[in-house]
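Novice: Got a predicted structure here, sequence first:
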There are 2 protein chains.
Amino acid sequence: MPVLLTDAQIAEGRARIVAVAERQAVELGLERLSMHGIARELGWSATALYRYFDNKDAILAAARTAAYDRLSDQLEAAMARPGDIWSRSREVGNAYVDFAFAHPEAYRLIFEFAQPGRGQYPELDAANARGRSNMIGYVEQMVAQGAVDADPVLLAHVFWAGLHGVVSLQMAGKLGPDAPPFETIRRDMVRRIIRSALGPTARRPIRNPAGEQR
Amino acid sequence: MPVLLTDAQIAEGRARIVAVAERQAVELGLERLSMHGIARELGWSATALYRYFDNKDAILAAARTAAYDRLSDQLEAAMARPGDIWSRSREVGNAYVDFAFAHPEAYRLIFEFAQPGRGQYPELDAANARGRSNMIGYVEQMVAQGAVDADPVLLAHVFWAGLHGVVSLQMAGKLGPDAPPFETIRRDMVRRIIRSALGPTARRPIRNPAGEQR
DNA sequence: GACGATAGATAACGGCGTTATCTGACGGAA
DNA sequence: TTCCGTCAGATAACGCCGTTATCTATCGTC
């Protein structure tokens, strides 16, 4: 029998490559990522990477998947904290925004306009689905507990789009010196959407006594 | 005196280059734009482009500026149509979304995360400012006419971020088959924000009798 | 008609993503 | 122990990229 890389060795090689890719994305910016550069840092030839990934796009897809999973980790951790549904939802929102500004390249990888099509990278599709379910879960709980009155999936997407919109404008530098500060826009956006979902039967939240984070 | 390109000739050359760049951005996608490719289509050598632009980034900045100005044209045209402030505001929103899906590469150029810093390309800064004022203008009118009750600049940015958020999620392919359709999310987002701004003194809009566009 | 300046071409650089080919080390069979 | 098949990874090379240095040929001016 020939000499073969075990599955574990393949996985380790892929993990090393993705780790270096993420490091360089942070250090150099996403567009300066290169096969040659990654290989250089690993002390490999550029072509060695092709034993682990089909091409550069596949490496980017793996990095995207990792980034998305890390975001989901943060959201799930925030959701798992103690507290009523209002404070936990606020935690989820804070975790989302914190992640975006703590890891802008990861956020960019996840939400950049040019994304690989569905079905091309199944693991990326799974990470997408997991992320989406995190954006929905907390609103489902709000509805289940009677805190708000709305179609949970729709309301969750409205929240998501609202949050993503403010974050994107900020990241694209569209909130210049004359615009209200990021946090003001975000707070106002969230407050307006929440208010609109407080139907006559919904139980209203108590004003946050300690002030809001961020 | 030497042979010199007149200002008009410089402007014409720049315009031709940007036009080809825009064409190729649509045809090939933004990341496949190249100096060599633009020059090839013009029948020029790649280096000839450097008589008109410092580098590729400068060409991209010019294309960005043109894209932003075209968006502003559409918004201003929508705002100038006859009708009360409600219908005109709806027209502005429709124009924004229509532009995004009619010219996704232009929208991408305008709102991509990696944007040149302020002060680097004054014309781009001007296009940014003009775009921003279009996002604010119609809300200012709403407030002035007593239609809504809010800080106009803040409310305008919330609208902008909300719209941009839905459009971005859609363009990044984040609204999969299980998500509500784009138009549903957008409508719900806009309705919620509007409702939240209908203060006690605001004059409420009449329900659109003909149904909504798009 | 000669000159100076310059618009644009040519040549070349290093770096990119990728393919074809080579090499050498290893596991198993004899 | 020797030999062989296999494959991980290296080398070489391709065409393309953005950019710089240099050349050339054309033009307005005198």
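Specialist: Yes, it's here.

Novice: CA only for contacts and neighbour counts going forward, please
Specialist: Noted.

Novice: domains of chain A?
Specialist: Listed by automatic domain parsing, the domain ranges of chain A are A:1-53, A:65-214.

Novice: The ones you listed: which one's closest to B:Met35?
Specialist: Closest to B:Met35 of the domains of chain A, according to C-alpha to C-alpha: domain A:1-53, at 16.7 Å.

Novice: can you tell which of the domains of chain A is closest to B:Lys56?
Specialist: Short answer: domain A:1-53, nearest of the domains of chain A by C-alpha to C-alpha, at 14.0 Å.

Novice: touching DNA strand C at all, the helix or strand A:Ala63 falls within?
Specialist: According to DSSP states H and E, A:Ala63 maps onto helix A:56-79. Yes - legend: contact between helix A:56-79 and DNA strand C by C-alpha under 7 Å from any atom of the strand is shown at A:56-57.

Novice: list the buried ones in that helix?
Specialist: For helix A:56-79, the neighbour count (16 or more other C-alpha atoms under 10 Å in any protein chain shown) marks A:59-76, A:78-79 as buried.

Novice: is chain B contacted by it?
Specialist: No - Helix A:56-79 does not reach chain B (C-alpha under 8 Å from any C-alpha of the partner chain); its nearest approach is 12.0 Å.

Novice: Might you calculate how far stretch A:20-40 sits from the centre of the chain?
Specialist: Offset of stretch A:20-40 from its chain centre (C-alpha atoms, centre = their mean, to the nearest Å): 20 Å.

Novice: what's the helix or strand for A:Val139?
Specialist: If you go by DSSP H and E, A:Val139 is part of helix A:122-144.

Novice: List of residues touching that helix?
Specialist: Helix A:122-144 is contacted by residues A:61-62, A:64-65, A:68-69, A:71-72, A:75-76, A:79, A:85-86, A:88-89, A:118-119, A:148-150, A:152-153, A:155-157, A:160, B:174 when judged by C-alpha atoms under 8 Å, 6 or more residues apart in numbering or on different chains.

Novice: can you check stretch A:149-165 too?
Specialist: Under C-alpha under 8 Å, 6+ apart, the answer for stretch A:149-165 is A:93, A:97, A:135-136, A:139-140, A:143, A:186, A:189-190, A:193, A:197-199, A:201-202, B:160-166, B:168-169, B:179-180, B:184-186, B:188-189.

Novice: Can you show me the CA trace of stretch A:112-123 as PDB?
Specialist: Extracted C-alpha coordinates of stretch A:112-123, given in PDB (Å, rounded to 0.1, in the frame of the first residue of the first chain):
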ATOM      1  CA  GLU A 112     -19.100  40.500   1.400                       C
ATOM      2  CA  PHE A 113     -21.300  40.800  -1.700                       C
ATOM      3  CA  ALA A 114     -19.400  38.300  -3.800                       C
ATOM      4  CA  GLN A 115     -20.100  35.000  -2.100                       C
ATOM      5  CA  PRO A 116     -19.800  31.500  -3.600                       C
ATOM      6  CA  GLY A 117     -23.100  30.100  -4.700                       C
ATOM      7  CA  ARG A 118     -25.100  27.700  -2.600                       C
ATOM      8  CA  GLY A 119     -24.100  24.100  -3.000                       C
ATOM      9  CA  GLN A 120     -20.500  24.800  -3.900                       C
ATOM     10  CA  TYR A 121     -19.100  24.400  -0.400                       C
ATOM     11  CA  PRO A 122     -21.500  22.400   1.900                       C
ATOM     12  CA  GLU A 123     -19.700  23.300   5.100                       C
END
